[in-house]
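>>> sequence plus predicted model, see below.
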Amino acid sequence: MNTPVANILNLTGKIRLCICVISSCFFLLIPSFAYEQCDSIAGPYDAGTGATQTLSGGAYTFSSTSNVTSSDNQFASVTATVVLLSGVTNYITATNFNFNAAGINPASTVCGIEVDVQKKGSVLTVLGVPTAFITDNVVSIIKNNTIITAANRAQSGNWATSDTWYSYGSTTDAWGTTWTLADVLSSDFGVAISARLTSIATLLPTASIDNIRIKIYYDNGSSLLPLQLTSFDVQANENRSAVVRWSSATTNRNALFIVERSADGISWVAVDSIAANEKALTNGYQYTDKAPLQGESYYRLRIVSNGAKELISEIKAIYISGIVSHRLYPNPASEYIIVSNAGASSIVRVADISGRMCNVSSQAAADGSIKINLSNLVNGTYFVSVNHVVYSFIKK
């Protein structure tokens, strides 16, 4: 079976849990898909306890888990083994954040949680493409000493090689459950993380986590909301454009809808802005992105108006196909291997298991395939790159 080793975005970060609170009388006015930004902050607070917990199917276990309680370049870590090259880790958990020191008004209501992780992972590459790397498997909140597995905020992408911060969730993300202030003040409130270690051949990656922190955001309820969304959706068209549609129950001539796009759900870029108008109360609003990002990307709305707080919509993901699928055969091969759907202008390169380029000849066929001569290669495992997508094959 030929499986491409995809180029994976670097995701980094430190774990910080941001919890937004808002007075209960205003909370009921906010729809589930449009949220008020909380502007008061308590913390951040470091985790008081780092530990491990069994995950079904977990193959590796983090060591030195107490190192997640401070940012000091001392890591909780785990490394793949020669016996088991790829798999997922058991949970590493962080709890005991001492939120009681924040002095939050007891009448406040929790409205969202944001998690930041400071982490790094070794990434080994062949032909410029990662072949041994670390990705997220599970990032879930712990409530009342229970991991809320229904809300997994893991993101796609390989961990960066330097110790960096990365955020999960948002100031309005409740992570699939409801919250009381007592829930987050409890010492058993926290976060659970599982990583996925992927390795080809004997390249062994290491996952490292430095520190886990939590912030609490809360609102005193004195600010007005600009608008309330009633729908928000993103769809891909057959012409490979992305169509963003939304509607609101009210209007405000001073309000502005800003459409934002992201490749990773972290860094956002404004791609268009549309002024609110009364006619749209019937027909809604629409923006067409004629040049969307290839692969998976994310969209959201930022709503601003004079004298009111900004509103951030929920995030919608979309996938735009842009990578041609290839087939390698025969595999294993002895004299030659054929790459289907390559095209005469494709860039094809071959490297050995150490990443060293190999001297091979190739010939394009009328059906778009390319035949690669393997007579110069010794027996073993090799990688072939076709337009920057990497596959593995065996020469025998």
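Yep, that arrived.
>>> show me what contacts residue 140?
Residues counted as contacts of residue 140 (Cβ atoms under 8 Å, 6 or more residues apart in numbering) are 147-149, 151-153, 175, 191-192. Heads up, the C-betas are built off the backbone N, CA and C, glycines and all.
>>> any idea which element it lies in?
Here residue 140, judged by DSSP states H and E, is contained in strand 129-143.
>>> same deal with residue 270?
Residue 270 belongs to strand 269-275, assigned by DSSP H and E.
>>> counting by contacts, list what that strand packs against.
strand 256-262, strand 285-289 (3 or more Cβ pairs under 8 Å, 6 or more residues apart in numbering; DSSP states H and E).
>>> touching the last one from outside, list them.
This points to strand 285-289. By Cβ under 8 Å, 6+ apart, the residues outside strand 285-289 that reach it are 241-248, 257, 259, 261, 271-272, 274, 299.
>>> ok, the most centrally placed residue in the chain - contacts?
Among the residues of the chain, the one closest to the centroid is residue 155, at 2.2 Å (Cα atoms, centre = their mean). Contact analysis of residue 155 by Cβ under 8 Å, 6+ apart lists 11, 136, 139, 166, 168, 264-265.
>>> farthest-separated two in the contacts of strand 285-289?
Farthest apart among the contacts of strand 285-289 by Cβ to Cβ are 241 and 248. That separation is 23.4 Å.
>>> so which of those two has more stuff around it?
residue 248 (25 against 14; other Cβ atoms under 10 Å).
>>> any idea what that one is bridged to?
residue 229 (DSSP bridges).
>>> follow-up on the earlier one: so which of the contacts of residue 155 sit within strands?
Among those, DSSP state E puts 11, 136, 139, 166, 168 in strands.
>>> nearest to residue 53 among these?
Nearest member of the ones in strands among the contacts of residue 155 to residue 53, counting by Cβ to Cβ, is residue 139, at 13.9 Å.
>>> separation between the closest one and residue 165?
The gap separating residue 139 from residue 165 is 14 Å, by Cβ to Cβ, to the nearest Å.
>>> likewise residue 58?
26 Å.
>>> domain map for the protein?
Under the assignment automatic domain parsing, the domains of the chain span 10-218, 229-320, 328-395.
>>> format the ones you listed as JSON lines; extra columns: mean pLDDT.
Putting the domains of the chain into JSON lines (pLDDT from 0 to 100) gives the following:
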{"stretch": "domain 10-218", "mean pLDDT": "80"}
{"stretch": "domain 229-320", "mean pLDDT": "81"}
{"stretch": "domain 328-395", "mean pLDDT": "84"}
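>>> single out the most deeply packed of these.
Mean neighbours per residue, mean count of other Cβ atoms under 10 Å, is largest over these for domain 10-218, with a mean of 20.
>>> dump the ones in strands among the contacts of residue 155 into a markdown table; add distance to residue 288 as well.
Below are these laid out as a markdown table (distance: Cβ to Cβ, whole Å):
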| residue | distance to residue 288 |
| --- | --- |
| 11 | 29 |
| 136 | 32 |
| 139 | 33 |
| 166 | 31 |
| 168 | 30 |
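>>> what's the closest of those residues to residue 123?
residue 11 (11.4 Å).
>>> ok, back up a step: any common contacting residues for residue 139 and residue 165?
Joint contacts of residue 139 and residue 165 (Cβ under 8 Å, 6+ apart) are residue 117.
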